[in-house]
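> Next come a sequence and a model predicted from it.
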Amino acid sequence: MMPPSSFDIGATVTATDLVKRYGATEALSIDHLAVLPGEAVALVGNNGAGKTTLLRLALDLIRATSGQVHINDIAVAESDAWKPSVGAFLDAGFLIDYLRPSEYFRLVGGAYGLSAAESDERAAHYADFFGPTVEADPLIRDLSLGNAGKVGIVGALLPEPSLVVLDEPFANLDPRARLQLESILRCERERGATLLVSSHDLDHVVDVCSRVLVLADGRVVRDTPSTGDTLGELRSFFAPA
């Protein structure tokens, strides 16, 4: 399902003394966080825990009140040099809904130096994931939330980045597509990409990711490898008896 990798190793992501405030409200406070090359890290937590805030800071979509995020030792707020190694999809705002999926993939591919033919070839690897509706190439705005999400996810993976950042990628997908996405993300791990994935779907991210960060009130309250016991531990954490 995946094209051959053009990267031998994933990216590093570090956050140091990272704080984001909105007025008097502290949305995120992380003293230190390091994601190593090739790690697949899940961010889990209740709504408002700080997961999306962390991802947006990592992609320089919002600016920190203090502290920094580095990707491959590059401060994301100070340079664009990290961007060619990163593929991301956080929400529908990443899409251009008056385009068709094929046009969107060529646009994304072109931003990473891919020709139209290369973009078409890479997108074709995901035909089974897309299903007939996306394959018919309607306008993105005419797709369901789940199918539009598939377009965004594949757009993030298209350049074969060394870091993949996804926010709630399993949301709105049907069961078949969720299982397919698990397989796709495992392939990303196998080629050496670093994954940073936020999700409410504990079962899926525990199956895919090698490490789980639990956020609560803007802080990392649990940082553990994913093992056979992790899912049960997380269920007990979020819904104690």
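Okay, I see it.
> Give me the residues contacting stretch 17-33.
13-16, 50, 53-54, 57, 62, 64-69, 213, 218-220 (Cβ atoms under 8 Å, 6 or more residues apart in numbering). From N, CA and C alone the C-beta is placed, and that goes for glycine too.
> For stretch 77-90, could you pull out the residues that count as buried?
82, 83, 85, 86, 87, 88, 89, 90 (16 or more other Cβ atoms under 10 Å).
> which of these lies closest to residue 191?
residue 87 (12.5 Å; Cβ to Cβ).
> mind listing what whichever helix or strand the closest one is part of pairs with, with the direction of each?
Assessed by DSSP states H and E, residue 87 sits inside strand 86-89. Partners of strand 86-89 in the sheet, by DSSP bridges, are strand 163-167 (parallel).
> which residues of this protein fall in helices?
51-58, 101-111, 116-124, 127-135, 145-157, 175-190, 202-208, 230-238 (DSSP state H).
> Run through who's touching the fifth one.
Judged by Cβ under 8 Å, 6+ apart, the contacts made with helix 145-157 from elsewhere in the structure are 2, 87-89, 92, 94-95, 97, 101, 104-105, 108, 123, 126, 129-131, 133-134, 140, 143, 164-166, 169, 171-174, 177, 181, 184, 188.
> returning to what we had before: any chance of the helices of the chain in JSON lines, plus mean neighbour count?
Shown next, in JSON lines, are those (neighbours: other Cβ atoms under 10 Å):
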{"stretch": "helix 51-58", "mean neighbour count": "23"}
{"stretch": "helix 101-111", "mean neighbour count": "19"}
{"stretch": "helix 116-124", "mean neighbour count": "16"}
{"stretch": "helix 127-135", "mean neighbour count": "15"}
{"stretch": "helix 145-157", "mean neighbour count": "22"}
{"stretch": "helix 175-190", "mean neighbour count": "17"}
{"stretch": "helix 202-208", "mean neighbour count": "20"}
{"stretch": "helix 230-238", "mean neighbour count": "15"}
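> Adding mean pLDDT and distance to residue 23, write those out as CSV.
Shown next, in CSV, are those (pLDDT from 0 to 100; distance: least, Cβ to Cβ, whole Å):
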stretch, mean pLDDT, distance to residue 23
helix 51-58, 98, 14
helix 101-111, 98, 35
helix 116-124, 97, 43
helix 127-135, 96, 41
helix 145-157, 98, 31
helix 175-190, 96, 36
helix 202-208, 91, 32
helix 230-238, 91, 28
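> any chance of those in a markdown table, plus distance to residue 39?
Shown next, in a markdown table, are the helices of the chain (distance: least, Cβ to Cβ, whole Å):
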| stretch | distance to residue 39 |
| --- | --- |
| helix 51-58 | 14 |
| helix 101-111 | 25 |
| helix 116-124 | 24 |
| helix 127-135 | 24 |
| helix 145-157 | 17 |
| helix 175-190 | 9 |
| helix 202-208 | 12 |
| helix 230-238 | 15 |
